[in-house]
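Chemist: Sequence and predicted model, in that order:
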Protein chains: 2
Amino acid sequence: MITREEITSYLKSLQKSICEGLEQEDGKAKFSEDHWSHHQGGGGISRVISHGNVFEKGGVNFSAVEGDLPSFLSAKVNPDAKRFFATGVSLVMHPNSPMVPIVHMNVRYFETDKGDCWFGGGIDLTPVYVNDAQARYFHHCMKETCDAFDASYYGKFKEWADNYFYINHRNETRGIGGIFYDYLVPDSQHSKEYYFNFMQAVGNTFLKAYRPIVAENKVLSYSEMQKKWQLIRRGRYVEFNLVYDRGTRFGLETGGRIESILMSLPEHASWIYNHQPEEGSQEHDTLEKLTKGIDWIIQDSEFGIRNS
Amino acid sequence: MITREEITSYLKSLQKSICEGLEQEDGKAKFSEDHWSHHQGGGGISRVISHGNVFEKGGVNFSAVEGDLPSFLSAKVNPDAKRFFATGVSLVMHPNSPMVPIVHMNVRYFETDKGDCWFGGGIDLTPVYVNDAQARYFHHCMKETCDAFDASYYGKFKEWADNYFYINHRNETRGIGGIFYDYLVPDSQHSKEYYFNFMQAVGNTFLKAYRPIVAENKVLSYSEMQKKWQLIRRGRYVEFNLVYDRGTRFGLETGGRIESILMSLPEHASWIYNHQPEEGSQEHDTLEKLTKGIDWIIQDSEFGIRNS
């Protein structure tokens, strides 16, 4: 039987390997490290990068915390459960260049003091300018990882991401999505080990999916106008995280470590009254792709970039 | 009996006079004007100023809209009520200079199709650097307006503002507060006219309370470091509005006009991981004053500035 310790040990190693890969891609900045403890038990390691060649601000957070189970969760899961344990790695990277997409990943494991447990997670990409070939490459990586476990996963989890990473008041998706899943509960069909393996597969897909896109785009030049558009898109990112994101709101409501929770916000963001991109512009084109239900899976031969 | 029309007519004239006063104070930029309609009935006039001498971005919004009453409100007010009518003026101004405080005002009137009605509103100030004399002047203006109606109002509504404009996850007030009130329901003691008069008194206090502070501070020079602090404080303003503000969340949930609701967000805001002002710095001093329960009312002779 998989233990808490095995899961946290994997997650710590995942945090380390992701930080190493992103530092290599950045070529200049290094992640700093903060150890913190949770007021009800446990703690975490926040690793933050800033003012790099590629990354303006980003954080890769590991946490393993305990606490009293909020009543909405005990009502849902097990009315007798009083305490929770949660561990995960969560990351958001905000690049300097508008040509390099924002990325988010989270893998997490949750259990109660009554033996209930489940896995959740996902990876999603938020380009400031949508590049179709890269969007396809990214989704192909997600599908490949999912298909090794269950042929139904990619379709289900892609749809879940479309619905989850949705800015309802804007009628826009946050980005081009990816996968999102939650409440994967071990049962007679799928063991805890099976879901733990899936968690590891998702975690290990992150660098494979993101680095080639960064490498391809970080060398591109951009205009002041494109930088301005990036700041507006980051404003949308802030709106999503503060208004809708369950992880953020759960953290804010349960007294989590604020700096680690809000690490996901960009260094600079902007709101312009009634900004409307011109028809036919690249910005307008991107907005038209921030919609649910786009099928990014196509024939392999059409990919624009390859996994390196 | 006061009618809807009298209230909306006052609110339109209030929007006009406030915009005129702010344009005079700015000396360069003019408010633009957008007329819009609500999907369920009614509409509004959004007036926006940007890139002025004093104001980087600001909006003064008038609205008079109808719609289906959200169930949480009908449960609270009158289970038989199905529709609402709401009218109000709401404004937020974001100055260029960190020396000039952000300000917010809202006065509103609400009624249901079953004859329930009430008034709400408030004014609050968010300095990037707290100036004690100006904070006292601002609160004195609020108290004077309240005292003309009821000796208990200022104390009650000041406390309400402290509690309402509170960023719980930061343990900080948004600014130095002011007054906030809601659900002032006409009854045998206080007529609808009485509360309408109070609404007008609050609306008419805005320029008197804010302009002298702007006039005194807009000429001050500031450093790059102070500008950076302003962007961080604006980040907190965004956090409050998106996470806690009832008006914002009500608007987002009931399908209001997004651009008018989010007009309150600054053009530029910033989030720095784990930013902690040095002890003894002006920034640290300001943080210590962003707390509930400060009594800003002192002897008149100690005021630093006077109403001009």
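Modeler: Okay, I see it.
Chemist: now the strands for chain A?
Modeler: Per DSSP state E, chain A carries strands over the ranges A:32-37, A:42-50, A:55-68, A:83-95, A:102-112, A:117-126, A:166-167, A:172-173, A:177-184, A:268-270.
Chemist: ok and the longest one relative to strand A:32-37, angle-wise?
Modeler: Our comparison of strand A:55-68 with strand A:32-37, counting by axes from the mean of the first three to the mean of the last three Cα atoms, to 10 degrees, yields an angle of 10 degrees.
Chemist: is chain B contacted by strand A:55-68?
Modeler: Yes: using Cβ under 8 Å from any Cβ of the partner chain, we find that strand A:55-68 touches chain B at A:Lys57, A:Gly59. The C-beta positions use only the backbone N, C-alpha and C, and glycine is treated the same way.
Chemist: Give the buried residues for that strand.
Modeler: A:55-67 (16 or more other Cβ atoms under 10 Å in any protein chain shown).
Chemist: ok, A:Ile18 to A:Asn106 distance?
Modeler: Applying Cβ to Cβ, to the nearest Å, the value for A:Ile18 to A:Asn106 is 12 Å.
Chemist: follow-up on the earlier one: how about a markdown table for the strands of chain A, with mean pLDDT and distance to A:Tyr244 added?
Modeler: Below are these laid out as a markdown table (pLDDT from 0 to 100; distance: least, Cβ to Cβ, whole Å):
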| stretch | mean pLDDT | distance to A:Tyr244 |
| --- | --- | --- |
| strand A:32-37 | 94 | 25 |
| strand A:42-50 | 95 | 23 |
| strand A:55-68 | 94 | 19 |
| strand A:83-95 | 96 | 15 |
| strand A:102-112 | 97 | 13 |
| strand A:117-126 | 97 | 13 |
| strand A:166-167 | 98 | 7 |
| strand A:172-173 | 98 | 12 |
| strand A:177-184 | 97 | 12 |
| strand A:268-270 | 98 | 16 |
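Chemist: Would you mind listing what in chain A touches chain B?
Modeler: A:34, A:48, A:50, A:57, A:59, A:168-170, A:231, A:235, A:238-239, A:242-243, A:249, A:252, A:258-259, A:261-263, A:265-274.
Chemist: Apply 6 Å and report the result again.
Modeler: Applying Cβ under 6 Å from any Cβ of the partner chain, we find that chain A lies next to chain B at A:48, A:169, A:242-243, A:252, A:258-259, A:263, A:265, A:267-271, A:273-274.
Chemist: For those residues, which entry has the maximal number of neighbours?
Modeler: Within those, most neighbours by other Cβ atoms under 10 Å in any protein chain shown means A:Ala269, with 28 neighbours.
Chemist: Around the closest residue in space to it that isn't next to it in sequence, how many other residues sit close by?
Modeler: Excluding the flanking residues, the one nearest A:Ala269 by Cβ to Cβ, 6 or more residues apart in numbering or on different chains is A:Arg234, at 4.1 Å. Using other Cβ under 10 Å, A:Arg234 is surrounded by 24 other residues.
Chemist: Same check on A:Tyr153?
Modeler: Look at A:Tyr153: counted by other Cβ under 10 Å, it has 19 neighbours.
Chemist: repeat for the one 3 residues further on
Modeler: Look at A:Lys156: counted by other Cβ under 10 Å, it has 14 neighbours.
Chemist: quick one, phi/psi of the residue lying farthest from the centre of chain A?
Modeler: Ranking residues of chain A by C-alpha distance from their mean position (Cα atoms, centre = their mean) puts A:Asp80 at the top, at 31.5 Å. For A:Asp80, the backbone dihedrals (degrees, to the nearest 10) come out as phi -80, psi -20.
Chemist: who's in contact with it?
Modeler: Counting by Cβ atoms under 6 Å, 6 or more residues apart in numbering or on different chains, A:Asp80 touches A:Lys114.
Chemist: and what of A:Val54?
Modeler: Applying Cβ under 6 Å, 6+ apart to A:Val54 gives the contacts A:Asp26, A:Pro95, A:Lys218.
Chemist: right, and out of those, which lies closest to A:Glu193?
Modeler: A:Asp26 (34.9 Å; Cβ to Cβ).
Chemist: quick one: the closest one and A:Phe55 touch, right?
Modeler: Yes: contact between A:Asp26 and A:Phe55 holds when scored by Cβ atoms under 6 Å: they sit 5.4 Å apart.
Chemist: Looking at strand pairing, list the partners for the residue of the stretch 1-150 of chain A at minimum distance from chain B.
Modeler: At 4.9 Å from chain B, A:Val48 is the closest residue in the stretch 1-150 of chain A, using Cβ to the nearest Cβ. Beta-bridge pairing for A:Val48 (DSSP bridges): A:Ser32, A:Gly59.
Chemist: Contact partners for it?
Modeler: A:Val48 makes contacts with A:Ser32, A:Gly59, B:Tyr273, as judged by Cβ under 6 Å, 6+ apart.
Chemist: Reformat those residues as TSV; add distance to A:Gly177.
Modeler: TSV is the format used below for these (distance: Cβ to Cβ, whole Å):
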residue	distance to A:Gly177
A:Ser32	30
A:Gly59	21
B:Tyr273	27
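Chemist: Please enumerate the helices of chain A.
Modeler: Secondary structure of chain A by DSSP state H: the helices cover A:4-26, A:71-77, A:132-147, A:153-164, A:192-217, A:224-243, A:246-253, A:258-261, A:282-289.
Chemist: Reformat those as TSV; add distance to B:Met225 and mean pLDDT.
Modeler: Shown next, in TSV, are those (distance: least, Cβ to Cβ, whole Å; pLDDT from 0 to 100):
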stretch	distance to B:Met225	mean pLDDT
helix A:4-26	26	97
helix A:71-77	43	83
helix A:132-147	39	97
helix A:153-164	39	98
helix A:192-217	32	98
helix A:224-243	21	98
helix A:246-253	29	88
helix A:258-261	21	92
helix A:282-289	33	97
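Chemist: Can you redo those as TSV, where the extra columns are distance to B:Arg211?
Modeler: TSV is the format used below for the helices of chain A (distance: least, Cβ to Cβ, whole Å):
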stretch	distance to B:Arg211
helix A:4-26	48
helix A:71-77	46
helix A:132-147	51
helix A:153-164	46
helix A:192-217	48
helix A:224-243	30
helix A:246-253	36
helix A:258-261	35
helix A:282-289	38
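Chemist: With B:Ile213 as the reference, name the closest of those.
Modeler: Nearest of these (Cβ to Cβ): helix A:224-243, 28.0 Å.
Chemist: For that closest one, name the packing helices and strands.
Modeler: Applying 3 or more Cβ pairs under 6 Å, 6 or more residues apart in numbering or on different chains; DSSP states H and E, we find helix A:224-243 packed against strand A:268-270, helix B:224-243.
Chemist: in it, what's buried?
Modeler: Buried-residue list, helix A:224-243, by 16+ other Cβ under 10 Å: A:226, A:229-243.
Chemist: And the furthest pair within those?
Modeler: A:Gln226 and A:Val243 (25.9 Å).
Chemist: And the residues of chain A next to chain B, which two are furthest apart?
Modeler: The most widely separated members of these, counting by Cβ to Cβ, are A:Val48 and A:Asn274 (34.3 Å).
Chemist: Setting aside sequence neighbours, what's the nearest residue to the residue in the stretch 101-250 of chain A positioned nearest to chain B?
Modeler: Chain B sits closest to A:Leu242 of the stretch 101-250 of chain A, with a gap of 3.8 Å, by Cβ to the nearest Cβ. Using Cβ to Cβ, 6+ apart and skipping the chain neighbours, the partner closest in space to A:Leu242 is B:Leu242 (3.8 Å).
Chemist: just A:Val107 next, same as before
Modeler: A:Gly121 (3.8 Å).
Chemist: got the contact list for the one you found?
Modeler: The neighbours of A:Gly121, taking Cβ under 6 Å, 6+ apart as the test, are A:Asn106, A:Val107, A:Arg108, A:Val202.
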